[in-house]
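J.: Sequence first, predicted model second:
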Amino acid sequence: MDMTFETGSWESWSHFHEQQSRSDRVPLVQAVVFEPSAHHVKDEQIMLHSRVGLSLNVSSTGLCLLVDQCPASGEVWRVQIPSATQGIQTPTLADVRWVRELPFAESGLVIVGLRFIL
């Protein structure tokens, strides 16, 4: 895998977004199973299947997830939230609030901000 840095791409990572509350976030580095909602699949030939991402942090309102696909803002995903009890996951719906590409040339990885739909 080529880990070449893209010129100027770090600037978008270096600023603070005032609308983002950081006080209730806690680190959570764990595999998270997710699947897109059928409403957001454009091609009916595409079969919905579960995928796995890596959570980076979690809060009472959402989750930050590292994934290998680039979703559209507003997509709804079914997410299996890991619990403290090993092997137990809680299903919930979350909508994609923002997507940021990693600043590595052609890594194919993005970080996705998800907001839980309660």
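T.: Sure, I can see it. Residues are numbered from 1 along each chain as shown.

J.: what about the residue nearest to residue 78 when sequence neighbours are not counted, distance to residue 52?
T.: Take residue 78 and drop its neighbours on the chain: the residue closest to it by C-beta to C-beta, 6 or more residues apart in numbering is residue 35, 5.2 Å away. Backbone N, C-alpha and C define where each C-beta goes, glycine included. From residue 35 over to residue 52 the distance is 10 Å, taken as C-beta to C-beta, to the nearest Å.

J.: same question, residue 32
T.: For residue 32, the distance to residue 52 - C-beta to C-beta - is 7 Å.

J.: Isn't residue 111 up against residue 100?
T.: Yes: contact criterion C-beta atoms under 8 Å: residue 111 and residue 100 qualify, at 4.9 Å.

J.: Could you check which of those two has the larger neighbour count?
T.: residue 111 (17 against 12; other C-beta atoms under 10 Å).

J.: Partner strands of the strand or helix carrying residue 79, with direction?
T.: Using DSSP states H and E, residue 79 sits in strand 76-82. Partner strands and pairing direction for strand 76-82 (DSSP bridges) are strand 26-36 (antiparallel), strand 89-101 (antiparallel).

J.: in stretch 75-93, what counts as buried?
T.: 75, 76, 77, 78, 79, 80, 81, 82 (16 or more other C-beta atoms under 10 Å).

J.: Go through the residues you listed and name the one nearest residue 96.
T.: residue 75 (4.5 Å; C-beta to C-beta).

J.: Enumerate every residue touching that closest one.
T.: The contact partners of residue 75, by C-beta atoms under 8 Å, 6 or more residues apart in numbering, come to 36, 37, 40, 95, 96.

J.: Kindly report the same for residue 95.
T.: 74, 75, 76, 77, 114, 115, 117.

J.: and it, bridged to which residues?
T.: The residues that residue 95 bridges to, once DSSP bridges is applied, are residue 76, residue 115.

J.: i'd like the first residue to be 3 from this point on
T.: Shifting the count to begin at 3 puts that one at residue 97.

J.: Which pLDDT value goes with it?
T.: pLDDT recorded at residue 97 is 96.
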